[in-house]
Every structure is written in C-alpha cells, then in structure tokens.
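J.: my questions concern the predicted model and sequence given below.
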Amino acid sequence: MRKELLRENKLSFKASSEPELLRYYTKLSKNVFGVSDGFYPLGSCSMKYNPAINEKVASLSNFTELHPLQDTKQVQGSLKLMYDLIRRLCVLTGMSDGTLAPCAGAQGEYTGLKIIHAFNPKRKKILVPDSAHGTNPASASVNGFQVIQVKSNENGLVDIEDLREKLDSDVAGLMLTNPNTLGLYETNIKEISLLLHKNGSLMYYDGANFNALVGSAKVRESGFDVLHLNLHKTFSTPHGGGGPGSGPVLVRDDLVEFLPYRVVKKVSGNKETFSVQSDKKSIGRISMFYGNFLVAIKAYAYILSMGSDGFKEVSETSVLNARYLQKKLSSKFNSPYGSNACMHEFVLSLEDLKNKTTVSALDFAKMLLDYGIHAPTIYFPLIVHEALMIEPTETETLEVLDHFCDVMFEILDTCYKDPERLKKAPISTSVGRIDEVRAVKEPILSVFDEGNSL
Amino acid sequence: MNKYIPQTLAEKEEKLRYLGLSSSSELFKGIEVSEINLPLGLDEKDVYSKLLELSEENKKMCIFAGCGAYDHYVPAVVDKISSFDSFLTTYTPYQGEISQGVLKVFYDYQSYMVALTGLDVSNASLYDMADAGVEACALSVSQKRGHSNVVLSGSMHPNVISTIKTWAEGLDCTVIVTDVKNGNACITEELITDDTAIILMQSPNYYGIIEDFTNLSEKIHSKKALFGIITDPLSLALFKTPAEWGADIAIGSTQSLGIPLSFGGPYCGFITAKRELLRKMPGRIVGKTVDASGKECYVLTLQAREQHIKRERAVSNICSNQALMTLRNTVYLRLLGSEGLINVAEKCASNSSYLAHKLNEINGVTVPFIDQDFWREFKVDFESVALRNKVYTNLSKVNICAGVKINGPSLLVSVTEKRTKEEMDTYIEVVRKAVK
C-alpha cells in the first residue's frame, strides 16, 4: 500500500471483554423503556406487543446469511416470502401490487408521492390537512411539490368547502391519514375521493393509523389510489429505538408500472419461481437493495399468525380500547371533537387545565413517567392546544386501561393540589427533567466535544 | 382468546356495555366494512414450520460477493445484546428521562463515527448508504444556495447513483457523473464550476480501489463547493480518513460493523460532517446536557431541523433512523477496540490480495487493477461472458457464491476476514479448471 493512502492519525479506542460488555449494555438497557416495560399509549405509533416468534424466524440463518446479490435461483425462499407478503398486504388493503423497498414510513411517503408525480407529471401541488403528520408536508416538499394546507372543520374532519376551494388543475393529490390524527374516521371520505378523482388528482393514504381498519375495512374501497403501511406499527415489528422500520407502498392497478426497483414477480410455468424485474416506467431506485428484509419477515410471520379472524379482532379491540379510555377520561378531561366517537386513538386537550393550574401537557406527560407509564404523544396534532394523543392498542388488558385512568385522575388531582410537583416530574427516573435548551445552545455531540477520548 | 390480544369475552362485553353498545360491529358505524379474504390465523408451530420451509428454499453459500453488502463475522454477543427486549421494543427516545440507555448508545455511535471519519459531527444514523447519498446531496444543495450541480464519481456504487438520480428532480439539482479511467473517477477541472454544490467521491470505490484524492479538496473549495466521500468505516481503520483528505462530509454504510447480510437489510447509513454543516444535518442527533439537578444526561437535540417541527421546511423528510443497527455497530466496535478493528481490516486486505494475485496468475483470467491499491474487493475479467458465467456456475456447484456479475465479462469479488485459505484455494482451483 502506498503510504500517502494510509491513515495518518492512528485510530485508538479501547476494547472491552465480553463480561464487561454485557454488564455495560445490560445496565444501559435498564434505562430504556420498551413495550415490555409498561403501558405505551403513544398516539399514531401503535406500540403493540412484538411477538417472540417473529424474532425467532427473522433470525433463521438462511435469511440472515443471505447476500442480496446472490443469483435469484439461490434466493427463491426470500423472493417468495416478499411476493406473498405483498399479496397479503394487497388483500388487506384492496390494492393491486406493491414494493417493500422503502425502509420506513417517510421513505414510503416519498415513494408514493413520486408515483403520483409519475402519473401526473405536470401537477405541482399536494394537499395536506392541517392535522397531518409532519412527514407528509416534508415528503411532498422533498419531492418538489408545493404543499397546500387544507383546514379541518369544527368536527375535526377535512373541511370539504376549504378542500373544494383549494382543488385546482395543478393539484396532483391529497395525502390523508384515516382515521386522522384526532382518531376520527373521515366520514366524508367517499365524497372527498370523488372530488379528487373528478379533478384528475390521486388519493394518498398515510398508513400510520391503519391499525384501526386492518381486517375490517379495505382502504382502496374508500377511494385511495396509493398508500404506505408501517410494518413497525400495524404489523407488530419492534420499533428498535427508532428503527429499522419498513414502509411498503401499495398501489392501484394502473399505477403498478411506476413502482420502484425492483418488483418481485411470479414467473409463469409449472414450477413456482420468482424473479425481480423493473418496469420501463418505474420511478427508479429508492433504496440500496430490497429494503429492510428482516423486518418484512417479522410482519409476514405476524400476518400468518393473525389471519383474517385475528386482524378483525385487532381493529375491533384497538377501537374498543381507545373508545373505552376516551369515555372514561372524558368525564374529567376535555376531549375536543369528542362528540364524534374515536377510532383507535383520541386526543385530550389540557389547555383549560393549563390556564387554571399552569400545568402543561409536557409537565403532565413527565408525571406519567413517574407512574411507570410511557407518555402519550404530546403537542400533536398541531390543531389541538396542549394535546395528549393516546393510543392504547389491542394488546393491553382491561386492568391496564383502568389503571391508566386511575393514574390520569390522580395526576389531575395533583395538578390542582400541588402543581409544583408536576413541574419537577419526573423524579423517579434515572435522570430528572432534561435541560433541552442547553443541549441546543452548546451542542456536545460526541466524547471529543467534551475533550475526552473513546 | 388470541394470544396477542389479552381480552376475555366478559371483558369485551363489559367495555361494550360501558359504551352502550351491543356488539363490536357498532364501533364501525358509518364505515364501510368488508370481508377480508385471508386464511385464518395459524398456530405458532405452523408459522414456524412455514417460515423454516421458506428459509430452506434459499441456498446458503460461501460468500465472495460484496457490492455494498459484506460477509463479515458477527460476534454472538452482538446478536445477544441487540435482542435485549428493552432495546428492541422501545420507541424513539423522545422521552429522554426514561431513555438514557438508548440515548447513550446513539451518543457512543456518534463518537465512534467521528473517531473513524475524523470529521466533527455525526448524526444518529440514516436508513442506508443510498439514503445517505441522497441526504448528502440535499444538504449540499441547501447549504450552497445557487449551486445546483451534484457531481458523482463514476466509480461510485451504481445503486447510490441511481437513487440520487431518482431524488434529483425533487431536490431541483442536476446530477453529473464523472468518467472512469482505469477504475478511478476522473475529476477534471471543467467538472468543478461555480454551479457545483458537491463533488461526491467514493473510496474504497465500487471496484475496491483506494482512490487518491491528493489536492482535490483545494480545487473543490476554490469553487466554494463541498467535498463528500463515500467510504466504508471498516476501511478507515487503515486508510486516510475523509477529514485527512479535506472532505466536508463523509457518508456510507455501517453494515461491515456487526450487521449480518440479511438479504440486503436492515443495514444502516451514516453521515458525518464539518461542524459548520451541523444545522443542515438530516435525522436525529443526540447531545449531552444536564437535568434539573445538574446531573449529566443525554437528549435528542437540534430538533428544529426536523419534519415534526418544521414540516415542509424541514431539512429532510427523514423521521426515524436505524437505531437498533447503531446498537450493533457500537457493541461490535466496543468489543473489538481499535486494534481488533485494524486486525479485521488487515485480514480483509491480505485475503483479497491473496485471491486477486492467484486469480491473476491463471491464463485467461485478469485482475485489471491488480497494480493499484485495493482493499477487500476487486474486479476480475474473463475472456467472455460465457466463460464468466461458467465460472460462476461451477463455483455455485461447490456452494461458493463467486461474486457479483457486472457489465462485461466480469465479476466483482469480495474477500472478507471470514474467508479461509481453504475456501480461497477451492475458488482458485474451480476457476483454473473452468477456464482451461
């Protein structure tokens, strides 16, 4: 090797023995809150139980030791699995075909919007409701679209009049989460789809809240043309601390040709074989290989375990649990738009409480941590002030739901009796309330910023 | 009772009664429900058998293929720790007070990436190498307003080039791909103009060659463009770092550091950069701070860059990262230490050198870049596509995946530290017989 190509500053960091390593990470893992550690009512995240069998099958060595560029003859099992997974996701949604290439929901959104662009290349606008997830406008923006916000009406649903006003010949599509982030089903969905389709625009379904519908309703039947699902939400694959996820994209029949590289096809013939192909009109490549394949295996195992009967129970129980909680909590909390019964999640507003007691949604969330409960999603959706967004999922017992309500009421009492206690929360965790402002002002982002070494 | 849904019939009825409903179907009033035509759910043992059967339809080979996915040994303890249930099932650590463990993992990861690449700051990971390529270009176009050209090395992994091309239209930038001469990217003066936002090179490149970037950063910076390098962090145990080459950004995949092949994913993309680019960095970043009582702790920081705050004005639409993969990376690096990592990288160098030289000695087989500095991967040319395919097939018969077939009568062959001398000698013998 030529010397001028070699590293100048010698790399230097310590090695650790295995026993030390296990102690170090075991200790760290005790300061992490997973689904197995307690109730996790994080709205729009579907923090459900992650089945053990999924992990077992995803660690089979004939999957983990397989190279993505091996000859397709040698990887038929994986291709068949991917093909069959897409087929089953199509059955659940009513779509025609799809791709597992997107590594996460945001990449799925990007892919779906790119397909909408391919279908309607001249149109420059994407409509997004004001209650949408932040990724929706961000994904539209990185696709080069102009983002137009559509208002919610007094019932928390898409304001049809506002939609009509904003719908013009430059609109490529509408991105919608259904049920929306307030946990409400867009009851006018067919009318909305019709409006968009008459305008030559497409309907995009953000699958973040698909848990409310899986096994009960097909998204295609309400007029959606393109969608992404989150295997790490609805399909029980673990979140892993923020990834890896998987965001498959499924489309209606006439959009199949735009799917990204590379689509798994069944080769006609006597023996069942699979190949990977790309259509000439494909939007191109969006990730390195086949996406997060091991995540797809876990979702596939889950789909086999649940079946049509299991999924029906998933959506029904997730809605039943949320509605049960909503009703119980509404006795003492303000649930805006609450007159419409929620689906799998709902939102509470602590705005009044804050005015009366100065206790904010953040304080309230931090206090829940002291009770061994993960905080709900807070300050979202943006259209609800001091929001707590609560999604119990179907994998919690009645006992847990009732306990959660008791805790919520107890904290509410404390808000009036001792609001300072909430400002101090949490006090039972490994560290107290974190100074986030300081982290931004003086960013210390590695041991080297501290003047230390590894 | 479904074993994942802990609800007795009595409890279900109790909840329904509380809501004043008589059946679950009333929960979906006003919603068009449909029959879902899936088979009924299977028992766990049947699920296992079915998945085992599918896995056995794959053929496990002795892997000499690379091209962005490398067959390194993954120590058992990496698998063990990355399957700790709390790490596995936790969400993004937005609630820092109950997430110090995973935040510390990200912080360690950021520190290791800074140490390896020599640059100032790292984020807490991206999806994969192609995504990192896209984000590097997006960052550059945003940082260098008015510069809309991104110049990509022609010796870069083609999947990264094609992914960036997919994104280019939305990012409003023009992609220019350089020529390749003798396996190296040709960066001519004309390619670096006042319109250039970034020059993105790769080393070790697609052909495994360690490219020489002497004087390149001066040329790029004189035109106020950014200099990015795609690299493999394992190679940085031996070779000049992006910082030492004067780069502003380094990106790539951390798959080599404790992540199994897994048929292409999940892997993990990384990005490190000079500090002045920090506010344009995509994705999650962890910082060290204190809690209310002054105790040191970690937190997700600089979130004003991100989509959940900035929506359509965010620096990227990325929402998650590859958290669990960064755990694998840090466990791997902490176990090996720098000495261990250097040993692995050296073994890759000596193994690939051995096989390349032996193959080059065979009549009818050429390793065209044998006289250049290469690492872990190299190109092999045969006299015809038919001969290349024969070699590939014959090696398959002895359970060896010969490499990756690329354009022309060629193979890209990768040899990691995992390959034994016996495996390489078998490879050589099969090739020798096939081309005779």
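T.: Happy to help now that I have it. Predicted model, so just to flag it, every value in this text is computed and none were measured. Residues are numbered from 1 along each chain as shown, chains lettered A, B, ... in the order given.

J.: please name the bridge partners of the residue most central in space within chain B.
T.: Geometric centre of chain B, nearest residue: residue B:253, 2.9 Å, by Cα atoms, centre = their mean. Taking DSSP bridges, one obtains residue B:269 as the residues bridged to residue B:253.

J.: surely it meets residue B:128?
T.: Yes - counting by Cβ atoms under 8 Å, residue B:253 touches residue B:128, with 6.2 Å between them. For glycine as for every other residue, the C-beta is placed from the backbone atoms N, C-alpha and C.

J.: now the common contact residues for those two.
T.: In terms of Cβ atoms under 8 Å, 6 or more residues apart in numbering or on different chains, residue B:253 and residue B:128 are both contacted by the residues A:288, B:267-269.

J.: out of those residues, who's nearest residue A:257?
T.: Distance to residue A:257, by Cβ to Cβ, is smallest for residue A:288 among these, at 22.6 Å.

J.: what residues are up against that closest one?
T.: By Cβ under 8 Å, 6+ apart, residue A:288 lies in contact with A:68, B:68, B:128-130, B:159-160, B:163, B:253, B:264-265, B:267.

J.: just send the residues you listed back as TSV, with secondary structure and distance to residue A:52 too.
T.: Converted to TSV, those look like this (DSSP: H, G, I helix; E, B strand; the rest coil; distance: Cβ to Cβ, whole Å):
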residue	secondary structure	distance to residue A:52
A:68	coil	27
B:68	coil	32
B:128	coil	27
B:129	helix	31
B:130	helix	32
B:159	helix	34
B:160	helix	36
B:163	helix	35
B:253	strand	29
B:264	helix	25
B:265	coil	22
B:267	coil	24
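
J.: list buried members of those by neighbour count.
T.: With neighbours counted by 16 or more other Cβ atoms under 10 Å in any protein chain shown, the contacts of residue A:288 contain buried members at A:68, B:68, B:128-130, B:159-160, B:163, B:253, B:264-265, B:267.

J.: now distance to residue B:389 and pLDDT too, for these, in CSV please.
T.: Shown next, in CSV, are these (distance: Cβ to Cβ, whole Å; pLDDT from 0 to 100):
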residue, distance to residue B:389, pLDDT
A:68, 20, 98
B:68, 22, 98
B:128, 29, 97
B:129, 28, 97
B:130, 28, 97
B:159, 22, 97
B:160, 27, 98
B:163, 28, 97
B:253, 29, 98
B:264, 23, 97
B:265, 28, 96
B:267, 28, 98
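
J.: which of these sits closest to residue A:183?
T.: residue B:265 (32.2 Å).

J.: which secondary structure elements does the helix-or-strand element of chain B with minimal mean pLDDT sit against?
T.: When the helices and strands of chain B are compared on mean pLDDT, DSSP states H and E, helix B:307-310 comes out lowest with a mean of 77. Applying 3 or more Cβ pairs under 8 Å, 6 or more residues apart in numbering or on different chains; DSSP states H and E, one finds that helix B:307-310 contacts helix A:135-142.

J.: residue A:33 - nearest residue in space that isn't next to it in sequence?
T.: residue B:98 (4.2 Å; Cβ to Cβ, 6 or more residues apart in numbering or on different chains).

J.: ignore what I typed, I meant residue A:95.
T.: Nearest to residue A:95 is residue A:250, by Cβ to Cβ, 6+ apart, at 3.7 Å.

J.: so what pairs up with that neighbour in the strands?
T.: residue A:98, residue A:227.

J.: neighbours of it, how many?
T.: By other Cβ atoms under 10 Å in any protein chain shown, the residues close to residue A:250 number 30.

J.: who are the contact partners of the residue nearest to residue A:33?
T.: Counting by Cβ under 8 Å, 6+ apart, the residues that residue B:98 touches are A:31-33, A:369, A:374, A:426, A:429-430.

J.: let's have those in JSON lines, adding secondary structure and neighbour count.
T.: Formatted as JSON lines, these follow (DSSP: H, G, I helix; E, B strand; the rest coil; neighbours: other Cβ atoms under 10 Å in any protein chain shown):
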{"residue": "A:31", "secondary structure": "coil", "neighbour count": "19"}
{"residue": "A:32", "secondary structure": "coil", "neighbour count": "25"}
{"residue": "A:33", "secondary structure": "coil", "neighbour count": "25"}
{"residue": "A:369", "secondary structure": "helix", "neighbour count": "21"}
{"residue": "A:374", "secondary structure": "coil", "neighbour count": "24"}
{"residue": "A:426", "secondary structure": "coil", "neighbour count": "24"}
{"residue": "A:429", "secondary structure": "coil", "neighbour count": "23"}
{"residue": "A:430", "secondary structure": "coil", "neighbour count": "16"}
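
J.: what's the closest of these to residue A:111?
T.: residue A:374 (30.2 Å).

J.: so the closest one sits against residue A:45, correct?
T.: No - using Cβ under 8 Å, residue A:374 is not in contact with residue A:45; the gap is 9.8 Å.

J.: and residue A:184, backbone torsions?
T.: Note on residue A:184: backbone dihedrals following degrees, to the nearest 10 are phi -100, psi 140.

J.: quick one: contacts for it?
T.: A:155-157, A:337, A:340, A:342-343.

J.: repeat for residue A:83
T.: A:264-266, A:274.

J.: pretty sure residue A:312 sits against residue B:36.
T.: Yes - shown here, residue A:312 and residue B:36 form a contact pair, counting by Cβ under 8 Å, at 7.2 Å.

J.: between those two, which contacts overlap?
T.: A:215-216.

J.: wait, does stretch A:45-54 contact chain B?
T.: Yes - using Cβ under 8 Å from any Cβ of the partner chain, we find that stretch A:45-54 touches chain B at A:45, A:47-51, A:53.

J.: quick check: closest non-adjacent residue to residue B:387.
T.: The shortest distance from residue B:387 to any non-neighbouring residue, by Cβ to Cβ, 6+ apart, is to residue B:435 (6.1 Å).
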